[in-house]
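Asker: Dropping a prediction and its sequence here:
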Amino acid sequence: MDKHKILFVCLGNICRSPAAQGIFQAIVDRNGRSRDFFVDSAGTYSGHQGELPDKRMRNAASSRGYSLTHRSRPVTLSDFFDFDLIIAMDDSNYSDLIHLAPSVETSRKIKKISSYFTSSTFDYVPDPYYMGRDGFELVLDLLEEACFNIYSGL
Ligand code: 4NP
């Protein structure tokens, strides 16, 4: 069986998408499916390249048992060929990705994370960068729900 290759994308790749990556990887590992998945994250903005996730996000995630060790990197052209599923955190990330996609076929891999929400009233994952602690907890709540649903649907 080919691996499922999943890329989570936000703006800075230091808050939302590395958290999504960590949560999804934890679900995969918990289910003993590590060999069947390759999970990564990237940003549409390269200004934080090489950085660990924001300390506030690392702390909030750590309290729920997730260790976030990804280093920020920008989306590249090869990502559109290397991944099967590319998941945008908000409408702005989604439209940036649609514009970057090199073909119609690769653009079909891009999905909004909100399409995996079931109980949430949100239709995007808000950028927590200028929010308080509650913002980071909200992001983790939304990502846990979406990641569970993405995993369950594969
Ligand atoms: P993220 O949050 O997109 O969830 O990683 C952000 C972090 C930093 C910036 C923007 C969004 N920034 O512009 O510095």
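Answerer: Noted; the coordinates are in hand. The shown structure was predicted, so the numbers you read here are calculated from the model rather than taken from an experiment.
Asker: And Phe60, how close does it get to Cys15?
Answerer: I think there's a mix-up here, since residue 60 is Ala and not Phe. 10 Å (C-beta to C-beta, to the nearest Å). Glycine gets a C-beta too; all of them are placed from N, C-alpha and C.
Asker: and for those two, which residues touch both?
Answerer: Counting by C-beta atoms under 8 Å, 6 or more residues apart in numbering, the contacts common to Ala60 and Cys15 are 136, 139.
Asker: So if I had to pick from these two, which one is more boxed in?
Answerer: Cys15 (30 against 24; other C-beta atoms under 10 Å).
Asker: contacting residues for the more buried one?
Answerer: Applying C-beta under 8 Å, 6+ apart, the residues near Cys15 are 53-54, 57, 127-129, 136, 139.
Asker: Then Asn13?
Answerer: Contact analysis of Asn13 by C-beta under 8 Å, 6+ apart lists 41-43, 45, 48, 70, 72-74.
Asker: Show me which of the residues you listed are buried.
Answerer: Neighbour-count burial (16 or more other C-beta atoms under 10 Å) is assigned, among the contacts of Asn13, to 41-43, 45, 48, 70, 72-73.
Asker: in which helix or strand would I find Phe24?
Answerer: helix 16-30 (DSSP states H and E).
Asker: Direction-wise, compare the helix or strand just after that helix with helix 16-30 and give the angle.
Answerer: Counting by DSSP H and E, the next helix or strand C-terminal to helix 16-30 is strand 37-43. Orientation check (axes from the mean of the first three to the mean of the last three C-alpha atoms, to 10 degrees): strand 37-43 against helix 16-30 gives 170 degrees.
Asker: ok so Met131 is a strand residue?
Answerer: No: counting by DSSP: H, G, I helix; E, B strand; the rest coil, Met131 is not found in a strand; it is coil.
Asker: show me the residues around it that make contact.
Answerer: So Met131 contacts Leu138 (C-beta under 8 Å, 6+ apart).
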